[in-house]
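K.L.:
need the 3D shape of this:
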Amino acid sequence: MLKTKYIFNSEKPEIIKIDSELKIIKVTTLDEFKDFFRLPWKIYENDKNWVPPIWEETKGLFKTKNYFWRHAKACLFLAYKNNEIVGRIAAIIDDLCIKKEKEEIGYFGFFEVINDYNVAKGLFDVAKKWLKSSKIIKMRGPIDARIDIRCGLLLNGYNETPYIFASYNPKYYVDFVEKYGMRKCRDQLVYYLDLSPPIPQYLKDAAEKIEKMGIKIRGFNRLKTGSEIKWWVPMMMKTFSFHWGYVDVPEEEVKTRFGVKQIRWIADPGLFLVAESPDGKPIAFKWTTPDFNQPIKKLNGKLGVLGYLKFLYYTKKINRGRLNFVGIKKEWRGKSLGSAMNYLTMLEMKRRNYPGAECGWIDEKNIASQRTIEKTGAKLYKKYRVYEIKT
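P.N.:
Okay, here's the model as predicted:
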């Protein structure tokens, strides 16, 4: 039986001594990788809002067979203080990102650390040095390999459990990156939609207009996931291609990503809406999800058979949603499709007695999307910031 290969298996062991108490090592074994994965349980031990990551997702990302590593490479580091693990970081280079940005940019990600600036500085130093050794001139982050996994540090709103797809961190991380000399690169905005007021009349009017045009809005068909994926993935990629930080990758890579690969099981037909033209062809979608972080939080990082059963059980108790994004074919834009799908989405969430939903994230320079979501009554309530520094 062949052993599973991970990207860190090819690294040579290395110990970087920072001072008499602090050392940083390269992750080169599965046991060290497990320590890398488990560290957040120590960081967030007393934080009731934290949602543990899923081992299967993290493990799958770092396997050499993951499509991402066909155009990227990374090095993982663990920090020890008096032989106790106190921090971690990954330095990541994505060749497709460099190609798009036309600049030698690398990422730092998977950053976690105790409340000790000296440890954080040591981790930033080794990540920056590793990137510089590959001729990278700018380190940007935190970005956990791709912007759709984890992007930016939470600047405010530490008083609630993060929604699905949202980053989360202690406030002192912001202090550490700024003390290190990192500067703002880009902000991502998140809105909150209070569902207690009546739905705006213009949204209802839009839904009636779309119906009169012969456009049908239906739910994602999980029984025909294969055929749905064929049109949805390309449309989703095209929609997201204009977003800051997006990296164009092959369709096959997107289809194997955690979340997309499981879409048959997590797509909620009442919230994942598909608009079809009068001749029955998909022309738009609105991807909204129940907040799966609520059941994921109960798993404590473990999936397996028992985890799946717990997930299914607690999914029925979800009481809030997240509006991810909408995609509309160019020739069908400006015809109130987005507003019509917003109306049906809000109607369904009200039916489920959701008090509210998170919307985003939206790039700070995407003014059109900000205005669109604001018209629903949603209010800006969180910001995430990506930082950068020259190497």
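K.L.:
which phi and psi does Trp41 have?
P.N.:
Here the main-chain torsion angles of Trp41 (degrees, to the nearest 10) amount to phi -60, psi -30.
K.L.:
what's the end-to-end length of stretch 209-225?
P.N.:
One end of stretch 209-225 sits 29 Å from the other (Cα to Cα, to the nearest Å).
K.L.:
which outside residues touch it?
P.N.:
Outside of stretch 209-225, the residues that reach it under the criterion Cβ atoms under 8 Å, 6 or more residues apart in numbering are 207, 227-228, 232, 263-265, 267-278, 280, 283, 285, 335-337, 340-341, 344. For every residue, glycine as well, the C-beta is placed using N, CA and C.
K.L.:
for Tyr313, identify the helix or strand it belongs to.
P.N.:
helix 304-315 (DSSP states H and E).
K.L.:
one more: Thr345?
P.N.:
With DSSP H and E as criterion, Thr345 is part of helix 337-351.
K.L.:
how far off centre is the helix or strand containing Cys97?
P.N.:
When elements are defined using DSSP H and E, Cys97 is found to belong to helix 95-101. On the basis of Cα atoms, centre = their mean, to the nearest Å, helix 95-101 sits 19 Å off its chain's mean C-alpha point.
K.L.:
partner strands of the helix or strand that it is followed by, parallel or antiparallel?
P.N.:
Helices and strands here follow DSSP H and E; after helix 95-101, the next one along the chain is strand 105-113. Within its sheet, and counting by DSSP bridges, strand 105-113 is paired with strand 84-94 (antiparallel), strand 138-141 (parallel).
K.L.:
just the CA trace of strand 105-113, in CSV.
P.N.:
What follows is strand 105-113, C-alpha atoms only, in CSV (Å, rounded to 0.1, in the frame of the first residue of the first chain):
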residue,chain,number,x,y,z
ILE,A,105,4.1,38.2,-5.0
GLY,A,106,4.0,35.4,-2.4
TYR,A,107,1.6,34.7,0.5
PHE,A,108,1.8,34.0,4.1
GLY,A,109,-1.1,32.0,5.5
PHE,A,110,-2.3,29.5,8.1
PHE,A,111,-0.9,31.9,10.6
GLU,A,112,-1.6,31.2,14.3
VAL,A,113,0.4,32.3,17.3
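K.L.:
in it, what's buried?
P.N.:
Within strand 105-113, the residues that qualify as buried are Ile105, Gly106, Tyr107, Phe108, Gly109, Phe110, Phe111, Glu112, Val113, counting by 16 or more other Cβ atoms under 10 Å.
K.L.:
redo those residues as CSV? Include distance to Gly360 and pLDDT.
P.N.:
Converted to CSV, the buried residues of strand 105-113 look like this (distance: Cβ to Cβ, whole Å; pLDDT from 0 to 100):
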residue, distance to Gly360, pLDDT
Ile105, 24, 96
Gly106, 26, 96
Tyr107, 21, 97
Phe108, 23, 97
Gly109, 20, 97
Phe110, 22, 97
Phe111, 22, 98
Glu112, 23, 98
Val113, 26, 98
